[in-house]
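K.L.:
Structure of the sequence below:
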Amino acid sequence: MKPIITFEEDKLPARRKFNGILSSVIIFSMVIRGFFAWTLELGNDEVYYWTYALYPDLSHFDHPPMVGFLIQLFSFNLYFDHEFFIRLGSVILGGANSWIIFLIGEKVKDKLTGLFAVILFNTSIYCFVIAGIFILPDTPQLFFWLISLNLLITALPNREATKRSRNILFYASIPIGLAMLSKYTSVFLWLGAGFYILFFNRRWFRTGELYMAVLLSFIIFSPVILWNVENNFVSFNFQSERVGFFNSGLRPDYFFTELFGQILYNNPINFVIIILALVALKRNRININREHVRILMLTSLPLIFLFLFFALFRRTLPHWTGPAYLSLIIVAAAWLAEKAMQRERANIFPVLIKVSMGLLMAGLAIGLFQIKWGIFTTPKPGNPQELGKNDLTLDMFGWRQFSDKFHELTDRDFYSKRMPATAPILSNRWFPAAHLDFYVAHPRGLSLLAIGNLDQIHKYAWINRERPELQLESAAYFITSSRDFHDPELIFGKYFLIIEEPEIIRIFKREKHVENFFVYRLRLCNRLPADVLEEFGISKPIKTDLFNLDEEADSTLNTHEDSLIIFFEKPKDSLNENPGF
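P.N.:
Residues are numbered from 1 along each chain as shown. Have a look, this model is predicted:
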């Protein structure tokens, strides 16, 4: 067996140079992520979470509310309604996460481990891109997860459970609760802590701070519980169905999709480093505190293996296990530090790190060029309703272009009196509803309504209640694209007497015609869609009406009816003269 290498600080660059390298890695990563946050249009999920900030609530159908609060915070409550400010929380917290994981690495082994942890964190596609550029529930979850992990590693190994350790564990309940308020899987932090206490340090069971800490976490999480109580547990039921199993039999295709997805999301080179580190750990070739290792393993492996197990029976998403890999990144960093210290001078950038960084930068460059200019694909002429159907990069391209062209179309419609200026836009699913809402409807003050069942429209079932309802004999637009074409006759034929032939708006990447949008005019609404929430026993909240007077005032209201109309309603002529009203 190879001898364990002890830490010798004189093998590292001078303190000032070392700190400069660390700062450069963190700042450079923030600059790169800020550039992408500014230049890319919002993706399907991101623009959907924008609605969490637009219509904040105690919780939401798909996820807890924290991502919406984060968007509100960094966009100044959507005062700056640009993609960069929507994503700014990801850029800032990504830098903070880098510093926190450095502190954890330094605590677990040494500051070289901390530096390697920062580099591995920023070369992980999940950490750098998915949670560091895009705005998703994972963004705040990673931040609070790392704070919690740092506190748990500090408190739990203490065999005497001293007052200081008990206080730290109690304080850890706050970021754990906030992590749970970001994403449900954060409860695995308490699960990992519980396993550690049960198997390795049962003295904690005799401390009151443990139980108060768990209670405080669930008090912080209580808005989600209250929202579910008010909404007949519709969110909890939805999430439980996503991880249900045994319904479809054994599905090895789902399993390998999940496994390879985890490898890809965490950077294949980083994944190899993690495996090598775990092998070295098993052989006792890493000089690292055993108690820290136990905590790291118990806050990572249960979550990873559980979702790999679920993937044997149903489709899962690789980023669900993303936070679990933070602990493994720290173990991998400790192994890299051990290897680096075997040389006369520590190798700050070993070959595996350079390859990992190069792979990430190449992937970012290729992705940017493909999204903006489509350099690797040439759309084939064929069915115009299927153009770009398999081009995932169109999630983040073409919406600004379509918005400009659609607004030109609606202006023509209004001036020609073909459609009213306030005609709502209809959609049949949460995507592309949220994209159309952010890029098309919201800038013009138009109403976007989603019509479909709850599994299709998600939060829009609640948003519909906040917006003007569809009216009988009214008109509306329906927009569908060639990436996900839907025949309006099948969806809206029972609600409108007339569905006109569509106008086609073409989207281009440079000179390449990559996508079609089909704009349908729907006329003469003869039936109103049902409120889908009522099917789940979720009644519509009673709104206070300033003019809902009691019966004794009815005569007074009737007497002044004409004057009220004059006061609150603009003349039709003035509406016609102001198309933007």
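
K.L.:
Show me how the record splits the protein into domains.
P.N.:
Listed by automatic domain parsing, the domain ranges of the chain are 9-233+248-368, 387-577.

K.L.:
May I see the ones you listed organised as TSV, with mean neighbour count, distance to Gly374 and mean pLDDT added?
P.N.:
(C-beta placed from N, C-alpha, C; glycine too.) Listed next are the domains of the chain as TSV, based on neighbours: other Cβ atoms under 10 Å; distance: least, Cβ to Cβ, whole Å; pLDDT from 0 to 100:
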stretch	mean neighbour count	distance to Gly374	mean pLDDT
domain 9-233+248-368	20	11	95
domain 387-577	16	4	85
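
K.L.:
Give the helix, strand or coil label for the residue positioned nearest the centre of the chain.
P.N.:
By Cα atoms, centre = their mean, the chain has its centre lying nearest to Leu136, at 1.6 Å. Classification of Leu136 using DSSP: H, G, I helix; E, B strand; the rest coil returns coil.

K.L.:
Please identify the nearest residue in space to it, excluding sequence neighbours.
P.N.:
Take Leu136 and drop its neighbours on the chain: the residue closest to it by Cβ to Cβ, 6 or more residues apart in numbering is Asp45, 5.9 Å away.

K.L.:
and Phe200, what does it touch?
P.N.:
Phe200 is in contact with 291, 294, counting by Cβ atoms under 8 Å, 6 or more residues apart in numbering.

K.L.:
So which residues of this structure form strands?
P.N.:
425-427, 448-450, 476-481, 496-499, 503-509, 512-525 (DSSP state E).

K.L.:
closest one to Lys339 among those?
P.N.:
Lys339 sits nearest to strand 503-509 of all those, at 44.4 Å, using Cβ to Cβ.

K.L.:
okay, the angle between that closest one and strand 512-525?
P.N.:
150 degrees (axes from the mean of the first three to the mean of the last three Cα atoms, to 10 degrees).

K.L.:
Could you pull out the buried residues of stretch 363-382?
P.N.:
Residues of stretch 363-382 classed as buried under the neighbour-count rule (16 or more other Cβ atoms under 10 Å) are 364, 370-372, 374, 379.

K.L.:
How much space separates the residue nearest to Ala450 when sequence neighbours are not counted from Pro424?
P.N.:
Distance criterion Cβ to Cβ, 6+ apart; nearest residue to Ala450, sequence neighbours excluded, is Tyr460 at 3.5 Å. Distance from Tyr460 to Pro424, counting by Cβ to Cβ, to the nearest Å: 12 Å.

K.L.:
before we move on, the earlier item: let's have the buried residues of stretch 363-382 in a markdown table, adding distance to Asn97.
P.N.:
Shown next, in a markdown table, are those (distance: Cβ to Cβ, whole Å):
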| residue | distance to Asn97 |
| --- | --- |
| Leu364 | 18 |
| Gln370 | 27 |
| Ile371 | 25 |
| Lys372 | 27 |
| Gly374 | 32 |
| Pro379 | 38 |
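
K.L.:
From those, pick the one nearest Gly249.
P.N.:
Using Cβ to Cβ, those come closest to Gly249 at Gln370, 36.7 Å.

K.L.:
Does the closest one touch Thr377 like I think?
P.N.:
Yes. Using Cβ atoms under 8 Å, Gln370 is in contact with Thr377, at 7.3 Å.

K.L.:
which residues does the residue nearest to the centre of the chain contact?
P.N.:
Counted by Cβ under 8 Å, 6+ apart, Leu136 has contacts 45-46, 49, 67, 90, 130, 319.

K.L.:
I'd like to know which of those is nearest to Phe255.
P.N.:
The nearest one, if we look at these relative to Phe255 and count by Cβ to Cβ, is His319, at 16.5 Å.

K.L.:
how much space between the closest one and Phe121?
P.N.:
Remark: distance between His319 and Phe121 (Cβ to Cβ) = 15 Å.

K.L.:
overlap in contacts of Tyr460 and Pro424?
P.N.:
Listed as contacting both Tyr460 and Pro424 by Cβ under 8 Å, 6+ apart are Leu449.

K.L.:
What separation do you get for Lys17 and Ser23?
P.N.:
Where Ser23 is concerned, Lys17 sits at a distance of 11 Å (Cβ to Cβ).

K.L.:
Equivalent analysis for Val108, please.
P.N.:
21 Å.

K.L.:
do Phe233 as well
P.N.:
Distance, Phe233 to Ser23, by Cβ to Cβ: 47 Å.

K.L.:
And the residue nearest to the centre of the chain, its phi and psi?
P.N.:
Backbone geometry at Leu136, expressed as degrees, to the nearest 10, gives phi -140, psi 170.

K.L.:
Closest to Asp455 out of the contacts of Leu136?
P.N.:
Closest approach between the contacts of Leu136 and Asp455, by Cβ to Cβ: Asp45, at 16.2 Å.

K.L.:
my guess is that closest one meets Phe134, correct?
P.N.:
Yes. Counting by Cβ under 8 Å, Phe134 is a contact partner of Asp45 at 7.4 Å.

K.L.:
and which of the buried residues of stretch 363-382 is nearest to His442?
P.N.:
Using Cβ to Cβ, Ile371 comes nearest to His442 of the buried residues of stretch 363-382, at 22.6 Å.

K.L.:
The closest residue in space to that closest one that isn't next to it in sequence: what's it in contact with?
P.N.:
Using Cβ to Cβ, 6+ apart and skipping residues adjacent in sequence, the residue nearest Ile371 is Thr393, 4.4 Å away. Applying Cβ under 8 Å, 6+ apart to Thr393 gives the contacts 367, 370-371, 374.

K.L.:
And Thr393, how far from Phe369?
P.N.:
10 Å.

K.L.:
Same check on Asn237?
P.N.:
Relative to Phe369, Asn237 is positioned 43 Å away (Cβ to Cβ).

K.L.:
ditto for Ser23
P.N.:
Ser23 is 30 Å from Phe369, by Cβ to Cβ.

K.L.:
got it, and Thr51?
P.N.:
Between Thr51 and Phe369 the computed distance is 30 Å (Cβ to Cβ).

K.L.:
Repeat that for Glu230.
P.N.:
47 Å.

K.L.:
swap in Phe121?
P.N.:
25 Å.

K.L.:
What are the phi and psi values at the spatially closest residue to Thr422 that is not a sequence neighbour?
P.N.:
Using Cβ to Cβ, 6+ apart and skipping residues adjacent in sequence, the residue nearest Thr422 is Leu446, 7.0 Å away. In terms of degrees, to the nearest 10, the main-chain angles of Leu446 are phi -90, psi 160.

K.L.:
Sounds good, over and out.
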